[in-house]
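J.: predicted model and sequence follow; I will ask about them next.
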Amino acid sequence: MASIASHAARLAAPLLAALWIAAPVSVEAQQTKILTADKHNEYGLVYTLPLTALEVEVTAVRTVRKAGPYYQYARKYIGTEKVVTEDSEQWTIEDVRVTPVGVPDPEARYLMQLKSGSPTYIGVAEDGILLSVNARPLEQAQTASELVQPEQEIFADKEYLQYVGGDFLASQSKAKQAQMLAESLMEIREAKVSLTRGTADQMPTDGRQLELMLNSLAHQEGALTAAFVGTVSSERVRRTFTFTPDEEGRSVLFRMSDFAGFVDADDYSGDPVNVDVKVTGQATMPVDSKGEEKKFPKDGVAYCIPGTARISLSLLGNPLWERELEIAQYGVVFGLDPRLFNDRKQPSYARFNAATGALEEFGQATDLNE
């Protein structure tokens, strides 16, 4: 094998709700290709080894609080002091998931030169990363895209005005308007009770109509109540960031703003989410029984022996995620003897990790159950 190119603590309060390394809930298959040697490629197969990147999927909860225009009258008319008194917006990180993925290393492209009639074939990803020799690649997955998911019903601004009469609109007294709103709210609640008890003057003809009427009254009740107590709405927002570890140290992956949520690393309106990299194991070339370093086999099938690093994410000194991972760029490249794969009677097969380039499976191709 010949080488072709040698802020505040509240932002962090619920951070530990669910932090782990895993494939995302929603994934889609990444396309792979089988390459065989023939005249059009001069019996040479080109592949690439990966660098290990990290896809960091972050889910945050955006909470918006809006004060009701009549919150001062909530205790008097609806008997509660649990009201929103001023508008605010808050973002909190709820969940972090990290998935190692492979990206092509431009400095690690290789050529597998075969002879005419050779049965050897390789499996590669769309970007050319080597996944297998004489075997079908295992299915690869990639993370889902962004998510915006509202958590509850949200009332339009001043929606309560749809359910008031002309006297309310003509009144110039806020106290009088609050009284009329409370009276309308009581009428709606009484109508709901009458429907559920079957004592309404005009009962619906069937269950479906009853359900629609009750849902409509519940929505009206919510809109009028919100005029007193205000609204608290939330939605989950997911973003995915890609980070490729390089030198040891700290860098800013992105920032979290209480007003804009996810912002770029160079946007100082937010607090930095930091990535720390600490190399814990620099891989070395394998040695023989005498302790001497093995030589790369002539025309060998290149693969990576990855090193390890501890990767951690934090916000305002609060840990978000931490794990020791195998990382290709802290490893070394070694090779498998190509004769193992070219034997016509008992050819071998191999499968490699798409994120690290490490050898994961090796055996006789005749034993494969594909």
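T.: Looks like it arrived, so ask away.
J.: which residues touch Asn342?
T.: Taking Cβ atoms under 8 Å, 6 or more residues apart in numbering, we find Asn342 in contact with 114-115, 118, 120. All C-beta spots, glycine's among them, are computed from the backbone N, C-alpha and C.
J.: check these and tell me the two furthest apart.
T.: The most widely separated members of the contacts of Asn342, counting by Cβ to Cβ, are Lys115 and Thr120 (9.3 Å).
J.: so between the two, which is more surrounded?
T.: Thr120 (24 against 9; other Cβ atoms under 10 Å).
J.: these two touch, right, that one and Arg339?
T.: No: applying Cβ atoms under 8 Å as the test, Thr120 and Arg339 come out as separate, 10.5 Å apart.
J.: secondary structure element for the most centrally placed residue in the chain, which one?
T.: Residue closest to the average C-alpha location in the chain (Cα atoms, centre = their mean): Glu57, at 2.8 Å. Using DSSP states H and E, Glu57 maps to strand 44-66.
J.: check which residues of that strand are buried.
T.: 45, 47-62, 65-66 (16 or more other Cβ atoms under 10 Å).
J.: so what touches whichever helix or strand comes after it?
T.: As assigned by DSSP H and E, the chain's next helix or strand after strand 44-66 is helix 74-78. Residues external to helix 74-78 that are found in contact with it (Cβ under 8 Å, 6+ apart): 68, 80-81, 83, 178-179, 181-182, 185, 225, 228-229.
J.: list the buried residues in helix 74-78.
T.: 74, 77-78.
J.: likewise for stretch 304-322?
T.: Neighbour-count burial for stretch 304-322, counted by 16+ other Cβ under 10 Å, picks out 304-309, 311-316, 320-321.
J.: mind listing which of those are in strands?
T.: The subset of the buried residues of stretch 304-322 located in strands under the criterion DSSP state E comprises 304-309, 311-315, 320-321.
J.: sorry, back to before: I'd assumed Arg238 was in contact with the residue nearest to the centre of the chain.
T.: Yes: between Glu57 and Arg238 there is a contact at 6.5 Å, judged by Cβ under 8 Å.
J.: what pairs with the residue nearest to the centre of the chain across the strands?
T.: Arg97, Thr240 (DSSP bridges).
J.: what's the answer for the one 5 residues further on, then?
T.: The residues paired with Arg62 through beta bridges, assigned by DSSP bridges, are Trp91, Glu235.
J.: for it, give me its contacts.
T.: 89-91, 234-237, 261.
J.: and of those residues, the nearest to Gly335?
T.: Using Cβ to Cβ, Val237 comes nearest to Gly335 of these, at 45.5 Å.
J.: do you know how far the closest one is from Glu94?
T.: 10 Å (Cβ to Cβ, to the nearest Å).
J.: can you list residues touching both of the two?
T.: 59-61.
J.: ranges for the strands of the stretch 1-150 of the chain?
T.: Under the criterion DSSP state E, counting those that start in this stretch, the stretch 1-150 of the chain carries strands at the ranges 2-5, 18-20, 27-30, 32-36, 44-66, 88-113, 121-125, 130-133, 140-143, 147-150.
J.: for those, which has the smallest mean pLDDT value?
T.: Note on the strands of the stretch 1-150 of the chain: lowest mean pLDDT is at strand 18-20, with a mean of 35.
J.: if I look at the closest residue to Gln282 other than its chain neighbours, how far off is Val279?
T.: Among residues not flanking Gln282 along the chain, Gly307 sits closest, at 4.9 Å (Cβ to Cβ, 6 or more residues apart in numbering). To Val279, Gly307 is 7 Å away according to Cβ to Cβ.
J.: for Leu138, which residues are in contact?
T.: Contacts of Leu138 (Cβ under 8 Å, 6+ apart): 131-132, 351.
J.: and which of those residues is nearest to Ala265?
T.: The closest of the contacts of Leu138 to Ala265 turns out to be Leu131 (Cβ to Cβ; 32.0 Å).
J.: phi, psi for the residue lying closest to that closest one once chain neighbours are set aside please.
T.: Leaving aside its chain neighbours, Leu131 sits nearest to Pro137 (3.7 Å; criterion: Cβ to Cβ, 6+ apart). Phi and psi for Pro137, reported as degrees, to the nearest 10, are phi -60, psi 150.
J.: can you get me a residue count around Pro137?
T.: Pro137: 20 neighbours (other Cβ under 10 Å).
J.: verify the stated contact: it with Gly123.
T.: Yes: taking contacts as Cβ under 8 Å, Pro137 lies within contact range of Gly123: 3.7 Å.
J.: any common contacting residues for the two?
T.: Here Pro137 and Gly123 share the contacting residues 32, 131, scored by Cβ under 8 Å, 6+ apart.
J.: low-confidence ranges in this structure?
T.: 1-30, 140-154, 367-370 (pLDDT under 70).
J.: still on that earlier bit, which one of the strands of the stretch 1-150 of the chain is the most hemmed in?
T.: strand 130-133 (a mean of 26; mean count of other Cβ atoms under 10 Å).
J.: check which helices and strands it sits against.
T.: If contacts are counted by 3 or more Cβ pairs under 8 Å, 6 or more residues apart in numbering; DSSP states H and E, strand 130-133 sits against strand 44-66, strand 121-125, strand 301-315, strand 348-352.
J.: kindly recompute the last result at 7 Å.
T.: strand 44-66, strand 121-125, strand 348-352 (3 or more Cβ pairs under 7 Å, 6 or more residues apart in numbering; DSSP states H and E).
J.: so what strands line up beside the last one?
T.: Translated: strand 348-352. Here, using DSSP bridges, strand 348-352 pairs with strand 130-133 (antiparallel), strand 359-364 (antiparallel).
J.: about what we covered before: closest to Ala218 among the contacts of Leu138?
T.: Distances from Ala218 to these, taken by Cβ to Cβ, are shortest for Leu131, at 54.6 Å.
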